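Asks: quick one, what's the 3D model for this:
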Amino acid sequence: MNLTQYLEAESLYFDPLTIQKLENFASLLHEWNQIHNLTGAKSLEAIYVNIVDSLTL
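Replies: Sure thing, here's the model as predicted:
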């Protein structure tokens, strides 16, 4: 699933620019997490889940 699908599953809707920025953030976090262990999320999908979880609180 892509980030948009995860967001829509929780009835969260954002403009395309915001989604692109969140996807860029997720990609950078995934890249640097492999070097510095910044988060427990080891895959891009797990990072998407964390983003969606943060937005629903």
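Asks: number of nearby residues for the closest residue in space to residue 51 that isn't next to it in sequence?
Replies: In this structure, residue 51 finds its nearest non-sequential neighbour in residue 22, 5.9 Å apart by CB to CB, 6 or more residues apart in numbering. C-beta coordinates here come from the backbone N, C-alpha and C atoms, glycine included. Residue 22 sits with 19 neighbouring residues when counted by other CB atoms under 10 Å.
Asks: got it, and residue 3?
Replies: Residues near residue 3, counting by other CB under 10 Å: 21.
Asks: phi first, then psi, for it.
Replies: The phi/psi pair for residue 3 (degrees, to the nearest 10) reads phi -60, psi -40.
Asks: the longest helix belonging to the chain: which residues count as buried?
Replies: Using DSSP state H to define each element, the chain has its longest helix at helix 16-36. Residues of helix 16-36 classed as buried: 22, 23, 26, 29, 30, 33 (neighbour count, 16 or more other CB atoms under 10 Å).
Asks: quick one: contacts for the nearest residue to the fifth one once chain neighbours are set aside?
Replies: In this case it means residue 30. With sequence-adjacent residues excluded and distances taken as CB to CB, 6+ apart, residue 30 is closest to residue 44, at 5.1 Å. Residue 44 makes contacts with 26, 27, 30, as judged by CB atoms under 8 Å, 6 or more residues apart in numbering.
Asks: what's the answer for residue 29, then?
Replies: 38, 39, 41, 47.
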